[in-house]
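> sequence and predicted model, in that order:
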Amino acid sequence: MRNGERVSLLKSRQALKMARSAHAYVRGSTLKFYEWLDEQKRGTLPEGPAVWICGDCHAGNLGPLADADGKIRVQIRDLDQTVIGNPSHDLIRLALSLATASRGSNLPGVTAAEMMEAMIAGYEEALRSEDDLRDMPKTIRLVMRQSARRTWKHLAKERIDDTKPTIPLGKKFLAISKAERSRIDKLFNSDQIRALVTKIKSRESDCGIDVADAAYWMKGCSSLGLLRYAVLVKIAAGKSSDYTLVDIKEAVKASAPRYKGVRMPRSNAERVVEGARALSPNLGERMRAADFGSSSVFIRELMPQDLKFDFDTMARDEAAEVSKYLATVVGKAHALQMSVAERRAWLRALASSRSKALDAPSWLWQSVVALISSHETAYLEHCRRYALAA
């Protein structure tokens, strides 16, 4: 497939994904969220300590992640937009995502208010506590159990629809050019990628690695259209061998607002990797940055235990509990980067601007109300344009 044809197909696929539901549109329209942030006057939102933030902290970007030894924790899964910035931006993005999911589930508006109250309670709890997260909602526990049982066969069937050592072209994957395959082969001949692949499962550092197959991966929503490759790697150690799936993804300049005067890596891929190591250690330790032609990419080996939470539908009796837990995960990721003094100052800032009627800060509630209004209008317009184009 020619590059122009691929770009056209990816744009069409992205438009379809974003037209499926208001929640899907929110996940795919990150730029609209950043535009709204840019319009806010200084002082409208509290300014927390300068820490690495996700930048695109919607509910689908959290889930179980395994470290190099297979230990599983719920952490942030997608760090494309990570920057050193205002932690309140992650809270607003998460609240918007959860509130949109609740509306898509036909839950009453009071549930959204309860969810935001629970979010703030969970986030503040994470800032105060040094302990790991323990109390998981039933929905989260079920996904964690599923994650713990998964093997390479589950990963292969889910990601490539086959356990055979090839990547089937078609619905998810497109053929790549000779130049792209040559760059991939060169990448996997480098010492840093060899070290990454052999790090997982304590593989021997001198075992052989070969690219068995590679394809362009049609994956994601807001990032659909950037370079993305699935690489099936054969790992040989003596007479035995196994296969692993590696994800190569283009890193571009972050649109998420960053604090002025802070130093971040100039390379976008290195920025993503450094942010991942700060926010999601399980993921960050198995990522590397590299150059891919004129593009900057980050590489990670996919683990069978890596899953994402799907909250397109929510039950009222679990909405607040799930919201609290996810905010606790985000709060823990932020808190680990803060000093004790910074945590206390940030807690004081979060405690301000609260009314007697609503425990969630007014700035959070007002932000979500404004964002839902603008996003739902934009979603309907997107659907109209998509229907006319189709």
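Yes, it's here.
> tell me where this structure has helices.
Secondary structure of the chain (DSSP state H): helices at 3-19, 22-28, 30-39, 87-104, 109-128, 138-149, 152-160, 178-188, 191-199, 268-279, 281-284, 316-335, 340-351, 362-389.
> how about low-confidence regions in the stretch 101-250 of the chain?
133-134, 152, 154-164, 200-206, 222-223, 237-240 (pLDDT under 70).
> winner for burial among the helices of the chain?
Greatest average neighbour count among those goes to helix 87-104 (a mean of 25), per mean count of other C-beta atoms under 10 Å. In short, each C-beta sits where N, CA and C put it, glycine included.
> list the contacts for the residue lying closest to residue 144 once chain neighbours are set aside?
Residue nearest to residue 144 in three dimensions, not counting chain neighbours: residue 64, with 5.7 Å by C-beta to C-beta, 6 or more residues apart in numbering. Residues counted as contacts of residue 64 (C-beta atoms under 8 Å, 6 or more residues apart in numbering) are 72-74, 143-144, 147, 305-307.
> likewise residue 173?
Applying C-beta under 8 Å, 6+ apart, the residues near residue 173 are 160, 167, 215-218, 230.
> now with 7 Å, please.
Counting by C-beta atoms under 7 Å, 6 or more residues apart in numbering, residue 173 makes contact with 167, 215-218, 230.
> residue 337 versus that one, what's the distance?
Distance, residue 173 to residue 337, using C-beta to C-beta, to the nearest Å: 37 Å.
> also residue 299?
With C-beta to C-beta as the criterion, residue 299 and residue 337 are 24 Å apart.
> swap in residue 231?
32 Å.
> more crowded one of those two?
For residue 231 versus residue 337, neighbours defined as other C-beta atoms under 10 Å are more numerous around residue 231 (25 against 17).
> how far is stretch 377-390 from where the chain is centred?
26 Å (C-alpha atoms, centre = their mean, to the nearest Å).
> for stretch 93-111, that is, sorry about that
19 Å.
> same question for stretch 209-219.
With C-alpha atoms, centre = their mean as the basis, the mean position of stretch 209-219 lies at 21 Å from the chain mean.
> for it, report the contacting residues that lie outside it.
6, 10, 13, 165-167, 169, 172-176, 181, 184-185, 188, 194, 197, 224, 228-235, 243.
> also stretch 265-279?
Residues outside stretch 265-279 that contact it (C-beta under 7 Å, 6+ apart) are 52, 54, 76, 79-80, 82, 251-254, 264, 283-285, 287-290, 296-298, 333, 337.
> grab the nearest non-local neighbour of residue 192.
The shortest distance from residue 192 to any non-neighbouring residue, by C-beta to C-beta, 6+ apart, is to residue 288 (5.5 Å).
> can you give me every residue that contacts that neighbour?
Applying C-beta under 7 Å, 6+ apart, the residues near residue 288 are 192-193, 196, 273, 298-299.
> go again using 8 Å as the cut-off
By C-beta under 8 Å, 6+ apart, the contact set of residue 288 is 192-193, 196, 273, 298-300.
> beta partners for it?
Counting by DSSP bridges, residue 288 forms beta bridges with residue 299.
> now do it, the pLDDT please.
On pLDDT, residue 288 comes in at 95.
> in CSV: the contacts of residue 288, plus distance to residue 24.
Shown next, in CSV, are these (distance: C-beta to C-beta, whole Å):
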residue, distance to residue 24
192, 36
193, 33
196, 32
273, 28
298, 25
299, 27
300, 24
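> of the residues you listed, closest to residue 47?
Within the contacts of residue 288, the smallest distance to residue 47 is 26.0 Å, found for residue 273 (C-beta to C-beta).
> pull the contacting residues for the residue nearest the centre of the chain.
Nearest to the mean C-alpha position of the chain, by C-alpha atoms, centre = their mean, lies residue 78 at 2.2 Å. For residue 78, the contact set (C-beta under 8 Å, 6+ apart) comprises 54, 56, 61.
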